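Visitor: any chance you can model this:
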Amino acid sequence: MALKWIPLETQSKHIHVLVTAVGPLKCNCTLIYNSLTLEAVIIDAGGDADELLKCLRTYKLKLKAVYHTHAHFDHFLASEALRKATGCPLFLHKKDLFLWDMLETQCQLFGFPLHQEKTLPPDGFIKDGQTLDLDDLGTHQTLVTPGHTPGSCCFHLESHGILVAGDTLFHGGIGRTDLWGGDESAIYRSITQRLHVLDVDTTVITGHGKLTTIQQERHYFN
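Guide: Below you'll find the predicted structure:
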């Protein structure tokens, strides 16, 4: 089935942000591209690799990198296929490497057979404050937000008023902390100290389901 992409408004005519649900658990996958350079990055390639590659071909895009908000299986099932098809590097926070290495175990525990070759190690590790490898993206940075997993990260596209939050923050809720390395106290600190301080009009791309805003989630949280 073809993916349904939702375009988000940006503050640039040539920077485009598209969101779609992929994979067995409908992870929100974000495609960001520059229509002048035709270069792109993907955040959370959680499945449907063939459809993601089809989208890249349709827009004639060169994939520069795939970044991951964390290493639960439903957020990187398509990453290895994208790397093999395009030669792009894969990036993850180092503290989630143990989860990356547990891909087969994670799939088995959640009842999803792993129909692919073993995912090799990532090419590099994300650090707090790191920027994405895409020209003219404006002011933006990685926010390390542990709690859902030890290495959970959000990507704040400040110039465009967009936050890619992964499973740290949801519409009307927060990420679960009862899986490997989860920490309830840490996720509350991450949300209150790193996310709630962002501009209230910031659009939040959640890990699954509806998009939201910082203002809405500050209201739900309180």
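
Visitor: I'd say Leu198 and Leu157 touch.
Guide: No. Contact criterion Cβ atoms under 8 Å: Leu198 and Leu157 do not qualify, at 10.8 Å. For every residue, glycine as well, the C-beta is placed using N, CA and C.

Visitor: pick out whichever of the two has more residues nearby.
Guide: Leu157 (25 against 19; other Cβ atoms under 10 Å).

Visitor: excluding chain neighbours, what is closest to that one?
Guide: Nearest non-adjacent residue to Leu157, counting by Cβ to Cβ, 6 or more residues apart in numbering: His140, 4.6 Å away.

Visitor: pLDDT value on that neighbour, please?
Guide: pLDDT, His140: 98.

Visitor: over to Thr142. Which of the three states is it?
Guide: Here Thr142 is recorded as strand under DSSP: H, G, I helix; E, B strand; the rest coil.

Visitor: can you report how many residues lie near it?
Guide: Thr142, neighbours per other Cβ under 10 Å, totals 21.

Visitor: how about the contacts made by it?
Guide: Residues in contact with Thr142 (Cβ atoms under 8 Å, 6 or more residues apart in numbering) are 126-132, 153-156.

Visitor: now it, nearest residue through space, not along the chain?
Guide: The spatially closest residue to Thr142, leaving aside those adjacent along the chain, is Gln130, at 4.3 Å (Cβ to Cβ, 6+ apart).

Visitor: what is the burial count for Thr37?
Guide: Neighbour number of Thr37 under other Cβ under 10 Å is 14.
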